[in-house]
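Visitor: got a predicted structure plus its sequence, pasted below:
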Amino acid sequence: MSETFTGSFTQQEPIPEDAIEAALAVLRHGRLHRYNVAEGEAGETALLEQEFAAQMGAKYCLAVASGGYALATSLRAIGVQPGDNVLTNAFTLAPVPGSIASVGAVPVFVEVTEDLTIDLEDLAAKADQAKVLMLSHMRGHLCDMDRLMEICNAAGITVIEDCAHTMGASWNGVLSGRHGAVGCYSCQTYKHVNSGEGGLLVTDDDEIAARAIMMSGSYMLFGRHLAAPGPEVFERVKYETPNISGRMDNLRAAILRPQLRDLDTQVERWNDRYRTVEDGLRGTPGLTVVERPKQEIYVGSSIQFLLLDWSEDAVQEVVRRCAARGVELKWFGTPEPVAFTSRYDSWRYADTQRLPQSDRILAGIIDMRVPLTFSLEDCAQIARIIRAEVSAVYQSG
Ligand SMILES: Cc1ncc(COP(=O)(O)O)c(C=O)c1O
């Protein structure tokens, strides 16, 4: 009898009790809007920003309605105009090119490597095509950030980091989101902290921070922020910065603050699970494990492997056979966008660009969530199932 996995790939852990208590306190006093504070009260959202700025070693932080909103706000705050080109990864998810399109700018895609990171040679070759790079650390894979910043600094490119999958990760001792001008994080249920929806943005730049705060819908209440530049900076930008409301509220902030305090522990738990799956997959014929560089501290909240140069039918057969045994895999080669998964050529509002190297790699990328509700035994079982099914299809080919 072959074994079947019975767990749920979309089941996250419950919200911790201290976060539930904090949320109940907000519900009981009723001041959910971030600027609705009692005399002497800072408010959960302002405190969240202050604490996250300190955790990331950033001067400023803004909490917003979603990660995608943080990305679009960053583009606006650094002055991207309609019609401008913005470089970005070919391997990412729809909210990333979507944020570029939302400001009327044009995504220019950069190839992906077999390490699942942005191709730095292709980036260098395209560096004269844009003044901004929206760098997506897709599925938590960090490229050589030292080299990337050299390329971008030399070309005068401003970097916005999409850290939706790298909250808590670092490259060479520098936290993800702290290399570029702005770091953007998502607090949506499937990310590293869970408030249902939500986003955070960090920067050290006075004017980017002031503009982002005003855009998020601060009216003239920016003085209530605790991780913001001084009033003189707002004086410079307040008449020319539109209000594009996308604030966070005190209820979500209350849920997030205790979770952020636990982030390091959660990262270790994710990585224990990731390494258990990875160990179980290593050495499977036809399957390539994505090796992680020693400079990278990652957060294994999902795992990817490659079935490089396999036929479409064979990859689909693996996905089908694993699904039949309870293991949910996503394939980035699928020609039609499915659920959260899409490819650069699904985003037809962007100019059609042909990226042959990315086509080959995307056609081989298999992706799997690793929720913390899985035990290490679950992870070992999942790896056994994948190994058996990949081997069976590979041998029959
Ligand atoms: C790579 C990536 N960037 C950005 C986002 C946007 O985050 P949000 O869902 O909070 O808007 C997501 C969300 O899935 C994502 O996967």
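Guide: That came through fine.
Visitor: and for the single nearest residue of the stretch 201-350 of the chain relative to the ligand, nearest residue in space, chain neighbours not counted?
Guide: Nearest residue of the stretch 201-350 of the chain to the ligand (C-beta to the nearest ligand atom) works out as Phe340 at 6.4 Å. Every C-beta, even on glycine, is put in place using the N, C-alpha and C of the backbone. Spatial nearest neighbour of Phe340, excluding adjacent residues (C-beta to C-beta, 6 or more residues apart in numbering): Leu93 at 6.4 Å.
Visitor: now that neighbour. Its backbone dihedrals?
Guide: Torsion angles at Leu93 (phi, psi; degrees, to the nearest 10) stand at phi -120, psi 170.
Visitor: dump the residue contacts of the residue nearest the centre of the chain.
Guide: Centre of the chain computed as the mean C-alpha position; nearest residue by C-alpha atoms, centre = their mean is Ala164, 1.6 Å away. Residues in contact with Ala164 (C-beta atoms under 8 Å, 6 or more residues apart in numbering) are Gly67, Leu93, Pro95, Ser136, His137, Cys184, Tyr185, Ser186, Gln188, Lys191.
Visitor: which positions in the stretch 1-150 of the chain make contact with the ligand?
Guide: Applying C-beta under 6 Å from any ligand atom, we find that the stretch 1-150 of the chain lies next to the ligand at Ser66, Gly67, Gly68, Thr92, Leu93, Pro95, Val96, Ser136, Met138.
Visitor: give me that answer again for 8 Å
Guide: 66-71, 92-93, 95-96, 99, 136-139 (C-beta under 8 Å from any ligand atom).
Visitor: from the residues you listed, which land in helices?
Guide: Among those, the residues falling in helices (DSSP state H) are Gly67, Gly68, Tyr69, Ala70, Leu71, Pro95, Val96, Ser99.
Visitor: just give me the neighbour total for Cys187.
Guide: By the criterion of other C-beta atoms under 10 Å, Cys187 has 30 neighbours.
Visitor: my guess is it meets Arg257, correct?
Guide: No: applying C-beta atoms under 8 Å, one finds Cys187 not in contact with Arg257, separated by 11.1 Å.
Visitor: need the pLDDT of Leu1.
Guide: No Leu there; residue 1 is Met. Met1 is assigned a predicted lDDT (pLDDT) of 67.
Visitor: can you check the one 3 residues further on too?
Guide: As predicted, Thr4 sits at a pLDDT of 98.
Visitor: does it belong to a helix, a strand or coil?
Guide: For Thr4, the assignment made with DSSP: H, G, I helix; E, B strand; the rest coil gives coil.
Visitor: where do the strands of the chain begin and end?
Guide: Along the chain, counting by DSSP state E, strands occupy 60-64, 85-89, 106-110, 132-136, 158-162, 170-171, 174-175, 182-186, 199-203, 288-289, 296-297, 302-306, 330-331, 365-369.
Visitor: residues contacting the fourth one, please?
Guide: When contacts are defined by C-beta under 8 Å, 6+ apart, strand 132-136 is touched by residues 71, 75, 78, 80, 84-89, 91-93, 96, 99-100, 105, 107, 118, 123, 148, 152, 157-162, 164, 180.
Visitor: repeat for the last one
Guide: With contact meaning C-beta under 8 Å, 6+ apart, strand 365-369 is reached by 9-10, 91, 116, 139, 190, 277, 301-307, 315, 318-319, 327-333, 341, 382.
Visitor: show me how to select, in PyMOL, the buried members of those.
Guide: Entered in PyMOL, the line below selects the buried ones among those, by 16 or more other C-beta atoms under 10 Å:
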select buried, resi 9+91+116+139+277+301+302+303+304+305+306+307+315+318+319+327+328+329+330+331+332+333+341+382
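Visitor: CA atoms only for stretch 173-190, dumped as CSV, please.
Guide: Provided in CSV are the C-alpha atoms of stretch 173-190 (Å, rounded to 0.1, in the frame of the first residue of the first chain):
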residue,chain,number,x,y,z
GLY,A,173,24.3,39.7,7.6
VAL,A,174,22.1,42.4,6.1
LEU,A,175,18.4,41.9,6.6
SER,A,176,16.3,41.5,3.5
GLY,A,177,14.7,44.8,2.7
ARG,A,178,17.7,46.8,4.0
HIS,A,179,19.8,46.8,0.8
GLY,A,180,17.6,48.9,-1.4
ALA,A,181,16.0,52.3,-0.9
VAL,A,182,12.7,50.7,0.3
GLY,A,183,11.8,47.3,1.7
CYS,A,184,8.2,46.1,1.3
TYR,A,185,6.7,43.2,3.3
SER,A,186,3.3,41.4,3.2
CYS,A,187,1.4,40.3,6.3
GLN,A,188,-1.2,38.4,4.3
THR,A,189,-2.2,35.0,5.7
TYR,A,190,0.3,32.9,3.7
